[in-house]
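A.B. asks: quick one, structure for this:
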Amino acid sequence: MLDDKATIEYIRLAKLGDGSAKESLIEHNVSLIKCIVKRYLGKGVDYDDLFQIACMGFLKAITGFDERFEVKFSTYAVPMIAGEIKRFMRDDGSVKVSRTMKQAAKEINQFVEATTLERGVPPSITEIAQKFNMDEAEAVFVMGSSKMPLSLYGGADYKDGKERELIETLPASDDQEEWLDKMLLRGAIEALPERDKKIIVLRYFRDMTQSEVAERIGVSQVQVSRIENRIIKAFRDKLSG
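C.D. replies: Here you go, the predicted model:
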């Protein structure tokens, strides 16, 4: 993944309309996107469809991110991506591909194959979007709707006519699930009201007892227990998806 400074610079460029910056952000965060998608497998939606939806959430995170948030982009992006997937699964439950989208995907596929044959490398997302008069996010979604042979991030292999998705070749470290849980937990803590946040920090990061926390913030031990149980239940619900 990119360091914080490079990430912010790419986000600035992406917001100015630089398609290659968006591509770079997706490419360098593909392991994060894959990790989130894995949490929602086995719930009636194909991996490819989930991945495309996650990419849409990632692009929305780029658009909505504000440096004034004073949080890492990945911390902001994780709940955005997960939220996009949950919203889809709640409202739709399946990917509905219209006849118009199928035709657009077919035309893009032909353009990709012709350009790759002519130049030896596939066109970028920006080139595809400009060619078909659509923005990059729409191009990504249309391409995903037909599971096209072009990897969305470049590096596709067309030898012998075989398809090869770059995403499938990227290694996944063994601790990704644990890392993602920590990311989600951190984001959840940051979103808490100030008092709730203080209770969790004092209890689980300062190792204080409920009685000590109660004395510190000026409430009863029973109130601390009740608030803590409510927060923990909410955290478990969020992490379980």
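A.B. asks: give me the domain ranges for the protein.
C.D. replies: 4-91, 99-153, 192-240 (automatic domain parsing).
A.B. asks: export those domains to CSV and tack on mean neighbour count and mean pLDDT?
C.D. replies: Every residue, glycine included, has its C-beta placed from N, CA and C. Below are the domains of the chain laid out as CSV (neighbours: other Cβ atoms under 10 Å; pLDDT from 0 to 100):
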stretch, mean neighbour count, mean pLDDT
domain 4-91, 17, 86
domain 99-153, 17, 74
domain 192-240, 14, 83
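A.B. asks: pick out the residue nearest the middle of the chain.
C.D. replies: The residue lying closest to the centre of the chain (Cα atoms, centre = their mean) is residue 81, at 3.7 Å.
A.B. asks: mind listing the helices for the chain?
C.D. replies: 4-15, 19-28, 30-38, 47-64, 73-91, 99-119, 125-131, 136-145, 166-169, 176-190, 194-204, 210-217, 221-240 (DSSP state H).
A.B. asks: mean confidence score for the shortest one?
C.D. replies: Helix 166-169 comes out with an average pLDDT of 38.
A.B. asks: next one: the nearest residue to residue 196 once chain neighbours are set aside from residue 225, what distance?
C.D. replies: Spatial nearest neighbour of residue 196, chain neighbours left out: residue 231 (5.7 Å); criterion: Cβ to Cβ, 6 or more residues apart in numbering. Distance, residue 231 to residue 225, using Cβ to Cβ, to the nearest Å: 11 Å.
A.B. asks: residue 32 now?
C.D. replies: Counting by Cβ to Cβ - residue 32 and residue 225 are separated by 35 Å.
A.B. asks: so what's the closest residue to residue 36 other than its chain neighbours up against?
C.D. replies: Spatial nearest neighbour of residue 36, chain neighbours left out: residue 81 (5.1 Å); criterion: Cβ to Cβ, 6+ apart. Counting by Cβ atoms under 8 Å, 6 or more residues apart in numbering, residue 81 touches 32-33, 36, 54, 57-58, 61.
A.B. asks: what is the nearest of these to residue 44?
C.D. replies: residue 54 (15.9 Å; Cβ to Cβ).
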